[in-house]
Each structure stands twice: as structure tokens, then as C-alpha cells.
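K.L.:
Could you look at this predicted model? Sequence included:
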Amino acid sequence: MTENSEHNEAPSIGAAETSAGGPLTHDEIATGYVLFGFFTVLAFLALLGGIVAYARVAPDFLEGLDETIGENVALRARTLAEAGYTEEAIAKYREALDVPFEDPRQKAWAQRRFGELLRNQYALDEAAEMFQASLETYPDDLVAHGGLTLTLRRAERFEEAVEAARDWVGAAEARNAVDNEAHAWSNLGLCLLELDREDEALEAFETGHHLVPGSVNSFHAARILDERGQTDEALERYEAYLETGEGWRLAAAQDRAAALSDDANGADG
């Protein structure tokens with residue numbers, strides 16, 4: 001071993017020495033570990049305290065922004081919302097939408113975020129108004145299309161939700177957003193089911209299934225086909241869903257696929 005390699009080699013704990021030149025005792029090593037853990041916890045608590053403090057005071061950092069400009073007020077509203085000050089954020093969003101925006105799309109995004117905040121607070125009718133207003137300015141925003149459809153569904157305004165979902169399908173198709181379009185088809189189908197328009201709902205689910213096999217459309221189409229006794233088609237869609245499914249739908253699909261397979265094997269036998 002060269003002299004340089006000896007200097008570069010780190011000593012093991014057992015070979016460690018104190019500043020007095022003697023080897024560390026077992027108690028000293030144990031104390032070192034305790035102190036290390038103690039200071040690590042202190043550092044974590046300091047970081048956590050900093051996060052909490054930021055959540056409390058972060059909005060104050062924006063006080064110097066010109067609140068005659070909508071973008072600035074909307075930024076403050078968003079910061080309030082992210083810090084957990086929901087009521088203050090709602091009030092600030094209302095202020096933002098009463099002043100001019102330099103970029104119309106920024107206003108559309110503020111309306112969309114405000115709609116999401118209102119929906120989380122179950123102010124569904126006003127949330128729907130915000131999503132609609134956002135889409136009037138920026139009709140290509142797929143997030144706003146989805147937000148409007150989901151809000152109308154939650155509000156049980158199913159006729160309107162059907163129209164919103166159809167608009168969503170069209171917007172997603174125009175942008176070649178295949179997964180998003182499949183999501184729109186599933187929402188359209190669910191709204192149609194609520195209106196007892198099962199044939200149209202199956203058509204929507206089938207369209208989504210063929211667009212993205214294994215999506216939730218596959219599961220919903222399978223259930224309708226299963227209830228109608230179209231077992232071969234139902235089994236095919238259940239099996240497609242098994243590739244990507246999750247939660248209670250996956251468990252239901254597994255049970256029905258197994259049952260239909262057993263029936264088919266029994267019939268062959």
C-alpha cells in the first residue's frame with residue numbers, strides 16, 4: 001500500500017481515535033450515535049417548522065404586486081389556496097376576476113383553478129359557471145372540459161353533463177389526446193346511464209374501449225354486455241380490463257371473467 005493510499009483510506013469505527021489520541025470507548029461511540037440522531041431530528045423539525053411558517057406568511061410576500069392586474073391577484077389567490085387559506089383564496093379569486101388581465105388565457109386558467117377550488121368546497125353550481133367561463137375564453141383546455149363534466153355529474157345535472165362530455169370528446173379528439181378522449185367517453189357513458197339511455201351509454205363505452213383497450217370503458221361495456229347475456233363480448237372486455245384495472249372494479253372484473261370462463265369451459269365439455 002502506498003503512502004497516499006494510506007492517507008485516503010477512511011478508518012473504521014473500531015480504529016477511530018479521540019482528540020486526545022486514545023481509542024473511542026463503547027460509551028463514547030454510543031453517545032455519538034445518540035447525538036447524531038438528536039441533531040437529525042432537530043434538523044427535521046426545523047425544516048417542518050419552516051414549511052409551516054411559509055404556509056402562514058407566504059401570501060405576504062406578494063403584497064407588493066400591483067393588484068390592478070388580474071394575473072397578480074390570481075397568483076395571490078393561488079398562493080393562499082396552496083397554503084390552506086381556502087376562504088381567503090375564494091375571496092381573492094373573486095377580486096381577481098373583477099380586474100383586467102393582460103393575457104386572456106391567464107384569466108381562463110384562473111377561472112379554471114377557481115372552479116376546482118369551489119368544487120372541492122361543494123359549491124357546484126358556481127364551480128360549473130367558472131369552468132364554463134374558462135372554456136368560453138380558452139375552449140381547447142382539456143382540463144377545464146373534464147372539470148366541467150365532472151362538476152355537472154356531481155351536481156346531478158346529467159343532461160348538461162352529457163353535452164359537456166360531448167364537447168370534451170371533440171376537444172380531445174381534435175388534439176389527438178387519445179387517453180384523455182377515452183376518459184371523456186367513459187364520463188359520457190356514465191351520464192347517459194344516469195338518464196337510462198343504456199344503448200347510447202354502451203355505444204360510448206364501446207368507442208372508448210376500442211380507442212384504449214383496457215380503460216375503464218372496457219369494464220363498463222363488459223357489465224352491460226354481461227347483463228344482456230352477450231357473454232363472449234363481455235368476457236373479452238373484462239379480460240382487457242384485467243390488464244390495467246384497479247380497486248373494486250378489478251376485483252369485480254376478475255370474479256366475472258372467472259365465472260364466464262368456467263361457464264364457457266363447462267359448455268365445451
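P.N.:
That came through fine.

K.L.:
Show me where the stretch 51-200 of the chain has its helices.
P.N.:
Here the stretch 51-200 of the chain has its helices, by DSSP state H, counting those that start in this stretch, at 70-82, 86-96, 104-120, 124-137, 142-154, 158-174, 178-194, 198-211.

K.L.:
With mean pLDDT, distance to G247 and mean neighbour count added, can I get these in CSV?
P.N.:
Where C-beta positions appear, they are placed from N, C-alpha and C, glycine not excepted. Shown next, in CSV, are these (pLDDT from 0 to 100; distance: least, C-beta to C-beta, whole Å; neighbours: other C-beta atoms under 10 Å):
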stretch, mean pLDDT, distance to G247, mean neighbour count
helix 70-82, 95, 28, 21
helix 86-96, 97, 29, 17
helix 104-120, 97, 22, 20
helix 124-137, 98, 25, 20
helix 142-154, 98, 18, 23
helix 158-174, 98, 22, 20
helix 178-194, 98, 15, 22
helix 198-211, 98, 18, 20
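
K.L.:
Nearest to L225, out of these?
P.N.:
Proximity to L225, assessed across the helices of the stretch 51-200 of the chain by C-beta to C-beta, is greatest for helix 198-211 (7.5 Å).

K.L.:
Determine the angle, from 0 to 180 degrees, between that closest one and helix 178-194.
P.N.:
On the basis of axes from the mean of the first three to the mean of the last three C-alpha atoms, to 10 degrees, helix 198-211 is oriented at 170 degrees to helix 178-194.

K.L.:
and for helix 198-211, what are the contacting residues?
P.N.:
For helix 198-211, the external contacting residues (C-beta atoms under 8 Å, 6 or more residues apart in numbering) are 178, 181-182, 185-186, 188-190, 192-193, 215-218, 220-221, 224-225, 237, 240.

K.L.:
now the helices of the stretch 51-200 of the chain as JSON lines including distance to G245?
P.N.:
Formatted as JSON lines, those follow (distance: least, C-beta to C-beta, whole Å):
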{"stretch": "helix 70-82", "distance to G245": "33"}
{"stretch": "helix 86-96", "distance to G245": "34"}
{"stretch": "helix 104-120", "distance to G245": "26"}
{"stretch": "helix 124-137", "distance to G245": "29"}
{"stretch": "helix 142-154", "distance to G245": "20"}
{"stretch": "helix 158-174", "distance to G245": "22"}
{"stretch": "helix 178-194", "distance to G245": "13"}
{"stretch": "helix 198-211", "distance to G245": "13"}
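
K.L.:
ok, now which ones touch the most centrally placed residue in the chain?
P.N.:
The chain has V143 as the residue nearest its centroid, 11.0 Å off, counting by C-alpha atoms, centre = their mean. If you count contacts by C-beta under 8 Å, 6+ apart, V143 has them with R112.

K.L.:
could you measure it against A108, distance?
P.N.:
Using C-beta to C-beta, to the nearest Å, V143 is found at 11 Å from A108.

K.L.:
Likewise for L124?
P.N.:
20 Å.

K.L.:
Pretty sure P213 sits in a strand.
P.N.:
No - if the criterion is DSSP: H, G, I helix; E, B strand; the rest coil, then P213 is coil and not within a strand.
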